[in-house]
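Colleague: need coordinates for the following:
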Amino acid sequence: MAKFRNLIFILLLGFLFVEVLIVFPSRLEHEDEAEVRARVEAQDKTNKEKEARLARGEKISEPSNLAEQRMQGVHFVESQQGARDWELFAASAEGNQGLGNVNLQQVKVLFYNKNKVEFTVTGDKGSMDSKTKDLSVIGNVITRSENGYTFETPSVFYSSKTRVLDSPEQVLMQGPKEVSGDGLRLKGHRMKVFVDTSKMIISEKVEAQKPEKDGKRVDIAADGAEFSSKNREAKFIGKVQVTYDKMKLEGPEASFVYKAGENILSAIAVVGGVRVSDVDKFATSESVNLDLLANKYIFKGSPKVIQNGDELSGDEIIFLDGGKRVKVERVRAKVENREQ
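Modeller: Model prediction:
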């Protein structure tokens with residue numbers, strides 16, 4: 001009999017260490033980290049009390065079928081190398097905690113970077129691989145960064161090995177609100193979120209709009225876009241086309257520049273060989289900086305402007321008052337011969 005009790009004790013002890021599983025409130029909003037830690041510590045205390053009772057030979061009622069379980073209000077925590085990787089909440093879970101997948105309903109996952117929440121993912125349902133700790137979330141999926149970017153996708157898949165979130169389908173992004181009003185809106189395909197580097201990348205078919213003051217708007221088309229959960233950094237790459245007011249700019253890379261310490265888009269920088277056109281002129285330059293706050297456009301790197309057949313070049317060309325006035329450093333002009 002003593003050997004039988006010891007065997008039962010070992011089996012139950014092993015089960016207790018398969019996963020940390022905690023009942024949590026039905027609401028799935030963001031919780032304070034201190035509250036989460038307190039609940040985890042409370043569950044650890046409960047587990048130790050169960051171990052002590054088993055060691056004393058006391059009977060503890062457990063589910064008759066340990067392999068397949070249905071659980072209401074569950075919470076899993078996964079750590080890597082002493083640091084928290086992710087924390088998962090679900091309204092219900094069904095499956096095998098030790099082998100195979102655990103199927104989840106009404107899912108919320110917090111992804112950590114250096115023990116701080118970096119991204120939050122919510123969705124209708126999902127699954128967890130009990131061995132690899134890989135996750136999937138499917139149906140009305142929302143991925144939020146801590147600085148206010150929101151990404152809507154049909155699904156997202158997480159690799160615990162690479163710590164990358166991958167959504168291979170259409171992405172709708174809403175940027176954080178700004179002083180001037182709504183933030184950037186974007187549509188694209190295939191999103192990857194790199195938790196360790198705090199980067200969000202959309203790699204295909206990017207189209208974006210950013211409303212500005214006085215009814216103006218910035219429209220962008222690009223092959224891809226990159227954002228950060230640490231700041232307002234925004235970069236567009238690969239066959240970029242920027243339209244602002246009546247001006248169109250084309251180049252391989254464009255960046256949004258924000259005023260230091262404020263959520264105000266101050267400039268758009270296009271680099272790598274830029275072609276610019278509007279209703280009455282055409283220009284080329286190595287780089288162009290649209291200073292939105294000062295309403296001026298700065299051309300650098302062999303800038304050249306052609307207007308009404310006349311060619312203007314110099315070391316630097318600045319269009320002031322939205323292009324109404326021109327300032328040229330070390331001007332070089334070529335005027336087309338016209339018959340009198």
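Colleague: and the residue nearest the centre of this protein?
Modeller: Residue closest to the average C-alpha location in the chain (Cα atoms, centre = their mean): M200, at 4.0 Å.
Colleague: quick check, that one in a helix?
Modeller: No: counting by DSSP: H, G, I helix; E, B strand; the rest coil, M200 is not found in a helix; it is strand.
Colleague: for S266, which non-adjacent residue is spatially closest?
Modeller: Leaving aside its sequence neighbours, S266 sits nearest to K259 (Cβ to Cβ, 6 or more residues apart in numbering; 4.4 Å). From N, CA and C alone the C-beta is placed, and that goes for glycine too.
Colleague: check what pLDDT the residue nearest to the centre of the chain gets.
Modeller: Per-residue pLDDT puts M200 at 97.
Colleague: in contact with it: list those residues for me.
Modeller: M200 makes contacts with S145, Y149, F151, M191, K192, V193, F194, E226, F227, S228, S229, as judged by Cβ atoms under 8 Å, 6 or more residues apart in numbering.
Colleague: and the second one, how many neighbours?
Modeller: One way to gauge burial is a neighbour count; for Y149, by other Cβ atoms under 10 Å, it gives 23.
Colleague: with the first one instead?
Modeller: Around S145 sit 21 other residues, with neighbours defined as other Cβ under 10 Å.
Colleague: measure the nearest residue to it once chain neighbours are set aside to K116 for me?
Modeller: Distance criterion Cβ to Cβ, 6+ apart; nearest residue to S145, sequence neighbours excluded, is S229 at 3.7 Å. From S229 across to K116, the span is 11 Å (Cβ to Cβ, to the nearest Å).
Colleague: can you check E146 too?
Modeller: Taken as Cβ to Cβ, the span from E146 to K116 is 8 Å.
Colleague: which one's more surrounded, those two?
Modeller: In this view E146 and K116 are compared by other Cβ under 10 Å, and E146 has more residues nearby, 15 against 10.
Colleague: my guess is that one contacts F119. True?
Modeller: Yes: contact criterion Cβ atoms under 8 Å: E146 and F119 qualify, at 7.3 Å.
Colleague: what sits in contact with each of those two?
Modeller: With Cβ under 8 Å, 6+ apart, E146 and F119 have common neighbours S229.
Colleague: what ranges do the strands span in the stretch 101-250 of the chain?
Modeller: Assigned strands in the stretch 101-250 of the chain, in chain order: 101-113, 116-129, 135-145, 150-159, 164-174, 185-194, 199-211, 217-222, 224-228, 234-244, 247-258 (criterion: DSSP state E, counting those that start in this stretch).
Colleague: quick one: strands adjacent to the shortest one?
Modeller: Strand pairing for strand 224-228, determined by DSSP bridges: strand 199-211 (antiparallel), strand 234-244 (antiparallel).
Colleague: got it, and the last one?
Modeller: Note on strand 247-258: by DSSP bridges, its sheet partners are strand 234-244 (antiparallel), strand 265-277 (antiparallel).
Colleague: one more: the fifth one?
Modeller: The pairing partners recorded for strand 164-174 under DSSP bridges are strand 150-159 (antiparallel), strand 185-194 (antiparallel).
Colleague: just put those strands in TSV and tack on mean pLDDT and mean neighbour count.
Modeller: Output for these, formatted as TSV (pLDDT from 0 to 100; neighbours: other Cβ atoms under 10 Å):
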stretch	mean pLDDT	mean neighbour count
strand 150-159	98	19
strand 185-194	97	19
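Colleague: can you lay out these as JSON lines showing distance to L290?
Modeller: Output for the strands paired with strand 164-174, formatted as JSON lines (distance: least, Cβ to Cβ, whole Å):
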{"stretch": "strand 150-159", "distance to L290": "26"}
{"stretch": "strand 185-194", "distance to L290": "19"}
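Colleague: of the ones you listed, which is nearest R275?
Modeller: strand 185-194 (23.2 Å; Cβ to Cβ).
Colleague: mind putting the strands paired with strand 224-228 into a markdown table with distance to Q72?
Modeller: Below are these laid out as a markdown table (distance: least, Cβ to Cβ, whole Å):
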| stretch | distance to Q72 |
| --- | --- |
| strand 199-211 | 33 |
| strand 234-244 | 42 |
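Colleague: quick one, what contacts the residue nearest to S145?
Modeller: Taking Cβ under 8 Å, 6+ apart, we find S229 in contact with E118, F119, S145, E146, N147, Y149, S198, K199, M200.
Colleague: mind checking the SS state of N263?
Modeller: N263 is classified as coil under three-state DSSP.
Colleague: what is the nearest residue to it once chain neighbours are set aside paired to in the beta sheet?
Modeller: Using Cβ to Cβ, 6+ apart and skipping the chain neighbours, the partner closest in space to N263 is E178 (4.8 Å). For E178, the beta-bridge partners are G181 (DSSP bridges).
Colleague: before I go, just wanted to say thanks for your time.
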